[in-house]
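A.B. asks: A predicted structure for the sequence below; I have some questions about it.
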Amino acid sequence: MGERQSDGGQGGRRRVHPEGTAAAQGRPAPVLGGRRAVDTAELEALLAAALIRGGVDAGAEERAVAAFLAARESGAHGARTRRRDDWRARRWRFGSHSLRATLSALVAGLTLSGVAVAGIGVTGSSTDGPAEDGKGTRAPSGATAPATPKSAGPGAGSDRPDPDRPGTARDTEARCRAYEQVEGRGEALDATAWKRLTEAAGGAAHVDAYCAGQLERDTARPGSTGTPENKNTGGTDGAGNGSPGKAGDTVPDNADGNAGSGVGPADGADNADNADNAENPENPAAGSGGAGSGSDGSAGKPAKQGAQNP
Amino acid sequence: MGHGGESRRTQAYDGELGAAVARAQRGDEAAFAVAYRLVQPGLLAYVRGLVGDDAEDVMSDAWLEIARDLGRFQGDGAGFRGWTATIARHRALDHLRRQRVRPRASALEQDVLDLPGPQSTYDQAMESMSTEHALELVGGLPRDQAEAVLLRVVVGLDGPAAARVLGKRPGAVRTAAYRGLKRLAKQLGVESVTDKASRTLGDST
């Protein structure tokens, strides 16, 4: 009521100088807006003052608080928020929709790009798989690989992606060099790359020998031509797996690589075609067709046929 | 500072109200009482415009529901006013259905129908304005206009919030509020509610 009285008292003056009064009172009127026509604002103020009775009925308030306490005791306040109870996000506003949509798109974009980036890593690691050919490669020099039949698998892999080999070989080489530098520092060796290297080497203890062989091979490589040589190496791997002794012989001389692969054929050939077979030590039969295995690209087909025959 | 009226007052209290509601939601009954005192007068005025003298009873029912569902509510002080206004309105409409009383009629007192006509001066209107008189004026409006005006003026809701309470489009509520206020101004003999008023109303609501 007090508000109403003050309004009434100033009504006349306001009527006469509406603009001045508004300025003097500096009315911010958040809801109404600063530029509201004074008469409308006055009208609203008048209505509000007249309609709203100050104070609340104490009894009614007590009942409301009692209801609140009862609800609190009964655990009703843990109830789930329904849509009509959610007055936070102003969903009914156009702007909010677009904002929400924008945020959604942003989040989705980030997520997908994250997946994409992760995918790059996955792809890289999968191409690293062939890098395990290093195992086979190591076989000749290290002479440990032949001991495990499984080494045939990776060795086989080496034959498969011929074009990739230079890259993966460089990876292995780089890892070996890096390994020399970080060796002895614990954490670095836990990294995925080192694990992979260790796996490729067949154990932490063999890493040195493995790398030695790797680096040796790499330094030897420049002497011969790039790609074919790689194939030969792959071939020899297969050979090495199949018959260690022979592999050992073939390695030093790349020129003989073809021959080696042709001779020690079996695994190399079928390895070239699919890793599954390669991992099966029993598959030598399939390898029979592998005569051409170690040879150049075209030879791959015969090898495959041979592999499929059994 | 009645100027600017309820809207600004409630706006100013929104921060306090929001804090009180948050504490009440954590179980503080004193904070709930604070929120009650902040919100009840405006809601009561609104409901009185809908159901007349039964407003107190209707609001008692509404507060039972508010107290029960407080845990469900999410929002700030302004949101709490909108949320409670929605509950109060539903209770009022239930009451009207039971009573089968038209809201406008209920708000009208027969013996005070002698409204100040357009001839009355604005000053006279101001000075003679009482709660009953104001109720008559608002009660004389079409239902949608009356509600839009009340939600805006006494509950202090902005356009979108009022639209949500009423379940209508903001544009429709804005128009209704504007027409209602214009009509009230006319009844009060305020000839100077001009295009300026209409424009700013349209802008801000």
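C.D. replies: Ah, there it is.

A.B. asks: ok, how many other residues are close to the residue lying closest to B:Thr131 once chain neighbours are set aside?
C.D. replies: Closest residue to B:Thr131 apart from its sequence neighbours, by C-beta to C-beta, 6 or more residues apart in numbering or on different chains: A:Ala50 at 5.4 Å. To be clear about C-beta, it is placed using only N, CA and C from the backbone, and glycine gets the same treatment. Counted with other C-beta atoms under 10 Å in any protein chain shown, the neighbours of A:Ala50 add up to 28.

A.B. asks: What separation do you get for A:Ala50 and B:Ala55?
C.D. replies: Distance, A:Ala50 to B:Ala55, using C-beta to C-beta, to the nearest Å: 15 Å.

A.B. asks: rewinding a little: any idea which element the residue nearest to B:Thr131 lies in?
C.D. replies: Assessed by DSSP states H and E, A:Ala50 sits inside helix A:38-51.

A.B. asks: by contact count, what packs against that helix?
C.D. replies: Contacts defined by 3 or more C-beta pairs under 8 Å, 6 or more residues apart in numbering or on different chains; DSSP states H and E place helix A:38-51 against helix A:2-16, helix A:18-25, helix B:5-25, helix B:29-51, helix B:131-139, helix B:143-153, helix B:170-187, helix B:195-204.

A.B. asks: Recalculate using a threshold of 7 Å.
C.D. replies: helix A:2-16, helix A:18-25, helix B:5-25, helix B:131-139, helix B:143-153, helix B:170-187, helix B:195-204 (3 or more C-beta pairs under 7 Å, 6 or more residues apart in numbering or on different chains; DSSP states H and E).

A.B. asks: Leaving out sequence neighbours, find the closest residue to B:Ala78.
C.D. replies: Per C-beta to C-beta, 6+ apart, closest to B:Ala78 is B:Asp14, 5.1 Å.

A.B. asks: Let me see the contact set for the residue lying closest to B:Arg183 once chain neighbours are set aside.
C.D. replies: Of all residues not flanking B:Arg183 in the chain, B:Leu141 sits nearest, at 6.2 Å (C-beta to C-beta, 6+ apart). Counting by C-beta atoms under 7 Å, 6 or more residues apart in numbering or on different chains, B:Leu141 touches B:Val149, B:Gly180, B:Arg183.

A.B. asks: With distance to A:Ala45 as added columns, please give those residues in a markdown table.
C.D. replies: Listed next are the contacts of B:Leu141 as a markdown table, based on distance: C-beta to C-beta, whole Å:
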| residue | distance to A:Ala45 |
| --- | --- |
| B:Val149 | 13 |
| B:Gly180 | 15 |
| B:Arg183 | 17 |
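
A.B. asks: Most neighbours out of these, which is it?
C.D. replies: The residue in these with the most neighbours, by other C-beta under 10 Å, is B:Val149 (28 neighbours).

A.B. asks: For B:Ala163, see how far away it is.
C.D. replies: Applying C-beta to C-beta to B:Val149 and B:Ala163 gives a distance of 14 Å.

A.B. asks: got it, and B:Arg143?
C.D. replies: In terms of C-beta to C-beta, B:Arg143 sits 15 Å off from B:Ala163.

A.B. asks: between the two, who's got more neighbours?
C.D. replies: B:Ala163 (24 against 14).

A.B. asks: So the more buried one sits against B:Arg169, correct?
C.D. replies: Yes. Judged on C-beta atoms under 7 Å, B:Ala163 makes contact with B:Arg169 at a distance of 6.2 Å.

A.B. asks: now stretch A:75-94: mean pLDDT?
C.D. replies: Across stretch A:75-94, the average pLDDT comes to 75.

A.B. asks: What helix or strand is residue 61 located in?
C.D. replies: No chain specified, so I'll use chain A. According to DSSP H and E, A:Glu61 maps onto helix A:58-74.

A.B. asks: The chain in question should be chain B.
C.D. replies: Going by DSSP H and E, B:Asp61 is in helix B:55-69.

A.B. asks: buried residues in that helix?
C.D. replies: B:55, B:58-69 (16 or more other C-beta atoms under 10 Å in any protein chain shown).

A.B. asks: and the contacts of B:Leu141 as a markdown table, adding pLDDT?
C.D. replies: A markdown table is the format used below for the contacts of B:Leu141 (pLDDT from 0 to 100):
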| residue | pLDDT |
| --- | --- |
| B:Val149 | 94 |
| B:Gly180 | 93 |
| B:Arg183 | 91 |
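
A.B. asks: Check those residues against chain A and report the nearest one.
C.D. replies: Distance to chain A, by C-beta to the nearest C-beta, is smallest for B:Val149 among the contacts of B:Leu141, at 7.3 Å.

A.B. asks: Return the residues in contact with the closest residue to the closest one other than its chain neighbours.
C.D. replies: In this structure, B:Val149 finds its nearest non-sequential neighbour in B:Gly180, 4.1 Å apart by C-beta to C-beta, 6+ apart. The contact partners of B:Gly180, by C-beta under 7 Å, 6+ apart, come to B:Leu141, B:Gln145, B:Ala146, B:Ala148, B:Val149.

A.B. asks: how near is the last one to B:Leu137?
C.D. replies: Read that as B:Val149. Per C-beta to C-beta, B:Val149 is found 9 Å from B:Leu137.

A.B. asks: same question, the fourth one
C.D. replies: With the distance defined as C-beta to C-beta, B:Ala148 ends up 14 Å from B:Leu137.

A.B. asks: Give me the more crowded residue out of these two.
C.D. replies: Neighbour count, other C-beta under 10 Å: between B:Ala148 and B:Leu137, B:Ala148 has more, with 30 against 27.

A.B. asks: Touching, A:Ala76 and B:Leu70? I think so.
C.D. replies: No. Under the criterion of C-beta under 7 Å, A:Ala76 is not in contact with B:Leu70, lying 8.4 Å apart.

A.B. asks: of these two, who's got more company?
C.D. replies: B:Leu70 (25 against 17).

A.B. asks: so the more buried one touches A:Gly78, yeah?
C.D. replies: No. B:Leu70 lies out of contact with A:Gly78 (C-beta under 7 Å); the separation is 10.8 Å.

A.B. asks: thinking again about what came up before, what's the helix holding A:Glu61 in contact with?
C.D. replies: Applying C-beta under 7 Å, 6+ apart, the contact partners of helix A:58-74 are A:77, B:27, B:29, B:32-33, B:36-37, B:56, B:60, B:63-64, B:67-68, B:70.

A.B. asks: one step back: need the max-distance pair from the contacts of B:Gly180.
C.D. replies: Across the contacts of B:Gly180, the longest distance by C-beta to C-beta is 8.9 Å; it joins B:Leu141 and B:Ala148.

A.B. asks: re the thing from before, contacting residues around the residue nearest to B:Ala78?
C.D. replies: Per C-beta under 7 Å, 6+ apart, neighbours of B:Asp14: B:Asp76, B:Gly77, B:Ala78.

A.B. asks: hmm, back to that, among the buried residues of helix B:55-69, which one sits closest to B:Leu96?
C.D. replies: Distance to B:Leu96 across the buried residues of helix B:55-69 (C-beta to C-beta) is lowest for B:Val58, with 9.1 Å.

A.B. asks: Surely the closest one touches B:Leu93?
C.D. replies: No. Counting by C-beta under 7 Å, B:Val58 stays clear of B:Leu93, with 9.5 Å between them.

A.B. asks: okay, and for chain A, where does confidence drop off?
C.D. replies: Within chain A, the stretches with pLDDT under 70 are A:1-38, A:89-98, A:121-170, A:180, A:182-191, A:215, A:217-310.

A.B. asks: how about a cut-off of 80?
C.D. replies: Applying pLDDT under 80 to chain A picks out residues A:1-40, A:54-55, A:89-102, A:117, A:119-310.
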